[in-house]
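1. need a structure here:
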Amino acid sequence: MRMDRLKLEQALGTLGAVLEQRGLRFEAVAVGGSSLLLLGLGTRPTRDLDLVARIEGGSYVRADPLPEPVAQACADVGLSLGLAPDWINAGPASLLDLGLPQGFEGRLTTCSFGGLTLHVAGRRDQIFFKLYAAVDQWPRSKHQADLERLDPTRDELLAGARWARTHDPSEPFRQGLIRVLAEFGVEDGDAHI
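-> Alright, predicted model coming up:
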């Protein structure tokens, strides 16, 4: 089942209430299409919420695996609402391994749902992540469509491309970046990445 913003907020509210009832608190960092919905930056329905990190003791820790009691609460809520078993997942957790964009923490928006606190990546960081994913899933993917809706500037795209190269320095990826940048009117991208 795909979720629009209202369904997503209802699901997160339900999860937050379940966590609270079970005496649990969970704090995480969200990226991707669902986080665009939460920020009002996108309208594309999505089937899941992507977590890049969980926050423990004020520090970022890879989101995978989710703590078992939290994973169980997610599964229970998903089952009761007819959502996919992995409606909350840590698919992009590997982004944390090589580093998030500089200043990432200062651009987060916090959303609270009872026992659940989500820190949602800001627009600039979403541009970086969507550019990286668009290259990986070229041509024409949901990531490229999301990137188009974010209406990035030339400077934002080039900064995103430089960050993406820290995650994948390979020549095939560089060539893919150049193609995607050209789709966004940045014809001289190869000179800047």
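
2. domain parsing for the protein?
-> The chain is divided into the following domains under automatic domain parsing: 5-121, 124-191.

3. pretty sure Gly23 is in a helix, no?
-> No. Judged by DSSP: H, G, I helix; E, B strand; the rest coil, Gly23 forms no part of a helix; its state is coil.

4. Quick one: residues contacting the residue nearest the centre of the chain.
-> The residue at the geometric middle of the chain, judged as the C-alpha nearest the mean C-alpha position with CA atoms, centre = their mean, is Val31 (1.6 Å). Neighbouring residues of Val31 by CB atoms under 8 Å, 6 or more residues apart in numbering: 50-52, 92, 95, 120-121, 125-126, 129. C-betas here are computed from N, CA, C, even on glycine.

5. If we ignore the residues flanking it in sequence, what's nearest it?
-> Taking CB to CB, 6 or more residues apart in numbering, and ignoring the residues beside it in sequence, Val31 has Ala121 as its nearest neighbour in space, at 4.6 Å.

6. Hmm, the one you found is touching Gly106, no?
-> No. Under the criterion of CB atoms under 8 Å, Ala121 is not in contact with Gly106, lying 11.4 Å apart.

7. Which residue of these two possesses the greater neighbour count?
-> Neighbours around Ala121 and Gly106, counted as other CB atoms under 10 Å, are more numerous at Ala121. The numbers are 27 against 7.

8. Can you list phi and psi of the more buried one for me?
-> Dihedral angles of Ala121 (phi, psi; degrees, to the nearest 10) stand at phi -60, psi 140.

9. Equivalent analysis for Met3, please.
-> For Met3, the backbone dihedrals (degrees, to the nearest 10) come out as phi -120, psi 130.

10. That one touches Ala11, doesn't it?
-> Yes. The criterion here is CB under 8 Å, and Met3 meets it with Ala11 at 6.4 Å.

11. For the helix or strand harbouring Trp163, list the C-alpha coordinates in CSV.
-> Secondary structure assigned from DSSP states H and E places Trp163 in helix 154-167. The C-alpha coordinates for helix 154-167 follow below in CSV (Å, rounded to 0.1, in the frame of the first residue of the first chain):
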residue,chain,number,x,y,z
ARG,A,154,23.3,24.6,-10.5
ASP,A,155,25.4,25.1,-7.4
GLU,A,156,23.3,22.6,-5.3
LEU,A,157,23.7,20.0,-8.0
LEU,A,158,27.4,20.5,-8.3
ALA,A,159,27.8,20.4,-4.5
GLY,A,160,25.7,17.2,-4.5
ALA,A,161,27.8,15.7,-7.2
ARG,A,162,31.1,16.4,-5.3
TRP,A,163,29.6,14.8,-2.2
ALA,A,164,28.3,11.8,-4.2
ARG,A,165,31.8,11.2,-5.5
THR,A,166,33.0,10.7,-2.0
HIS,A,167,30.7,7.7,-1.8
